[in-house]
Every structure is written in C-alpha cells, then in structure tokens.
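Novice: Give me a 3D structure for the following:
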Amino acid sequence: MTDFPAAQAFCARFGISVPIIQAPMAGVSTPALAAAVSGAGGLGSLGLGASDVTTARSMIAALRNQTNRAFNVNFFCHRPAAKDSQREARWIDFLRPTFAEFGTRPPEQLTEIYKSFVDDDAMLAMVISERPAIVSFHFGLPDADRIAALRHAGIQMFASATTLEEARQVEAAGVDAVIAQGYEAGGHRGVFDPALPDARLSTLPLTRLLSRHLSVPVIAAGGLMDGTDIAAVLHRGASAAQLGTAFILCPESSADPAYRERLSAAGAQTEMTMAVSGRPARSLVSRFTALGRSVPDEGIPAYPIAYDAGKALHAAAKANGEFGYGAYWAGQGAPFARALPADEMLRMLAREAGLA
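Specialist: Next comes the predicted model:
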C-alpha cells in the first residue's frame, strides 16, 4: 500500500488492514456479511436505517459474536416526512390497478415506516450503549448535540455527500470522513434535500473535487466493482473505497433468489427511480421502475411514506409469483457483479487493487 499514503493513514486511524468498505445496504447487509468483510481486513457495515432499536441491537450483537474487528453501522438522517393526504391518496389510486392484477387492494392509508435518526432518541441511546467503532449517516446529518454525544462515546463518524457543499457541511459538523457518493451508486441517493436540483456528479470527479477541497479523508463510492476501480479512486485522492453492489451476490448477503437472478443477468441495467420509496434510488430495471416512468416525481409521496405502498405492492406480487416489484438496488457496475464468499471477495479486491 506504499503507493497510497492516504489509504495507509486511513487504515491506521480506523483500525482496518485494507481501505475497502462494504456499503451498509439496509435490507441486504447481514451480520455474517459484515463480519466476513471485517475479519478479512476491510470494514464491514450494517445498514440499520430500516431497523427498530431491538432489531438493531440484536444485529450488532450477532456481528460481535462473529468478529472482534472494527465495523460500521449506518443510519438514515432524512427530514421526517410531511404528510400530504391528497398526494398519498392519488398515489394509492394510481397503484390500485396494479394491486388488482394480483387480486388485492392497496393500503387505505400510508404511514411513515422508518424513523429518522435525527429525532430517534432511543436509537441514539442504544448506539451510545453499544459503542460500535464507526457510525455513518445517509441523507444528511444529525444535529450538533447528537454528534457530540457520539463523539463523547468514542465513536468515529462518516457521512455521505453528493456535492462539495454537502461535503463542507459534513466537515464543518466535525464528522471524521466524507463518503463521496457518485451518481453511479446503487440504492438511495444521499442528497440532503431531494427537492433541490441534483448535480449528478459521477464518482471520479466528485472524489477529486472533495479531495482537493477537504481536510478530512474522502471515501469514494458509486459504481466500483473490482480492484481496478478501487486503485483508480485511490490514485485520484480517495483514502478508501466503498462498494455495495459488489457484495450483493456473496452468500452471506440476504438478497433473495429473484434479486440474485436479476443481478446475475448478462448486461444487467439500472435506472434511477423515486417510485419504489419516494426518494431517488438506483435500481435494477424492473416492472416497478417502468411503472414509475409514467409518473412525475412530484406525484409520488414523500420518503418513506411511499415505501409503505411499495412494500405492500411487492408483497402482493410476490405472493402471486411475480417478482418485478422488489427494491432491487444496484449500481451502474451491476453487469460486473461476481458471486464469491465475502472474505474471498475482499481479499481478491485487495489483490486486484495492488493492496496486498
């Protein structure tokens, strides 16, 4: 790793051997996946943004039972959703014919199914009690008091940014490293305010931009699938690389057979959609993303209220043997996904990048 002094410093600071992070991937990452990555020298992660306190605590305990290495837990910091009954009713009516295809009806009302970390006191207390090595944030930042409480507990922090302005907010808040999320990334865009225009910066230019203007380490994320990609971002100023889609086909992930089959298809394609959850997110092309193309973004309820309908539709379709309405998040590097055990994947990525 002598060619990458910033990466060496990053590894020493955060207690890992190679500057490769497995992305949190709420709903796909598991304690077994994170433990395998951390055990092989990288940084494993748990996506806890969709979990309640009891589930989050049990997942952390399960991870600790499998490794004593450092790991990251991730939370969503979106603004709590503003209810819009008329907009939600219109969305329910729009989806009604699709539900009818599967012999059922949509929910009569939609609810905010995920609580944001920005106002979840119970989750904050749990994290401070469990003291994972690293906590990361997506969709924004918690307030200064919460960041100070985590800092006082000895927890280091990462946060996603999609622009230089967002990254400067992260740095000013005292967060330890910025995740430069390029437009190629799978899953939800980390934009702080989805109502504003999205600059759609890709991973390499965003990484170079943030590395030039920030004093904290920059973690490149988005479309990275192999060691060549990792080396490329390290050469452009990143201190580490974060990969998500590259780990979905690992046997330790919780991706179901339909997800794995779609990701394994030759030439797998992705597109950005708001239809599934109410926030822009990159997904494998599916019946759900196609449905979303016919609706303007402003016609979709706020995140995560729209997700209530999305999950209900997926459940109804799945019960009838149709798997085209799942949340099949994946980055633009999807066609290059490989199926390997997570520890083998980590070691192979390190070799390909010239890190081992």
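Novice: Helices of the stretch 101-250 of the chain, start to end?
Specialist: 121-130, 144-152, 164-172, 203-213, 227-235 (DSSP state H, counting those that start in this stretch).
Novice: Make TSV from the ones you listed and add mean pLDDT, distance to R262 and mean neighbour count to it.
Specialist: C-beta: built from backbone N, CA, C; applies to glycine. Written out in TSV, the entries for the helices of the stretch 101-250 of the chain read as follows (pLDDT from 0 to 100; distance: least, C-beta to C-beta, whole Å; neighbours: other C-beta atoms under 10 Å):
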stretch	mean pLDDT	distance to R262	mean neighbour count
helix 121-130	98	32	16
helix 144-152	98	37	15
helix 164-172	98	31	18
helix 203-213	98	23	20
helix 227-235	98	22	21
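Novice: Look at the residue lying farthest from the centre of the chain and report its pLDDT.
Specialist: Computed with C-alpha atoms, centre = their mean, the maximum C-alpha offset from the centroid of the chain is found at G103, amounting to 33.0 Å. Per-residue confidence (pLDDT) for G103: 97.
Novice: same thing with M274?
Specialist: 96.
Novice: Burial check on it, number of neighbours?
Specialist: Other residues within reach of M274, judged by other C-beta atoms under 10 Å, total 22.
Novice: again with G39
Specialist: By the measure other C-beta under 10 Å, the count of residues near G39 is 17.
Novice: Quickly note the distance from it to E344.
Specialist: Plainly put, G39 is 12 Å away from E344 if you go by C-beta to C-beta, to the nearest Å.
Novice: Ok, A36 next?
Specialist: In this structure, A36 lies at 9 Å from E344, with C-beta to C-beta as the measure.
Novice: Neighbour count for these two, which is higher?
Specialist: In this comparison of A36 against E344, neighbours counted by other C-beta under 10 Å, the higher total goes to A36 at 25 against 13.
Novice: Can you check the pLDDT for A255?
Specialist: What the model reports for A255 is a pLDDT of 98.
Novice: Oh, that last question was meant for L284, not what I typed.
Specialist: Confidence per residue is given as pLDDT, and for L284 that number is 98.
Novice: neighbours of the spatially closest residue to it that is not a sequence neighbour, just the number please.
Specialist: Counting by C-beta to C-beta, 6 or more residues apart in numbering, L284 lies nearest to Y328, which is 4.1 Å off, once chain neighbours are set aside. Counted with other C-beta under 10 Å, the burial measure for Y328 works out to 29 neighbours.
Novice: Next, the contact list for Y328, please.
Specialist: Applying C-beta atoms under 8 Å, 6 or more residues apart in numbering to Y328 gives the contacts 258-259, 262-263, 283-284, 286.
Novice: Most neighbours among these, which one is it?
Specialist: S283 (25 neighbours).
Novice: Just list whatever residues bridge to it.
Specialist: E271, W329 (DSSP bridges).
Novice: could you measure D198 against R64, distance?
Specialist: From D198 to R64 the distance is 37 Å (C-beta to C-beta).
Novice: before we move on, what about A330?
Specialist: Relative to R64, A330 is positioned 29 Å away (criterion: C-beta to C-beta).
Novice: try A185
Specialist: 28 Å.
Novice: Using the record, which stretches count as separate domains in this protein?
Specialist: Residue ranges for the structural domains of the chain, counted by automatic domain parsing, are given in the record as 5-79+116-255+336-352, 81-113+269-329.
Novice: Kindly compare burial across the ones you listed and name the winner.
Specialist: Among the domains of the chain, domain 5-79+116-255+336-352 has the highest mean neighbour count (mean count of other C-beta atoms under 10 Å), at a mean of 21.
Novice: where's it relative to the chain centroid, distance-wise?
Specialist: Averaging C-alpha positions (C-alpha atoms, centre = their mean, to the nearest Å) puts domain 5-79+116-255+336-352 8 Å from its chain's average.
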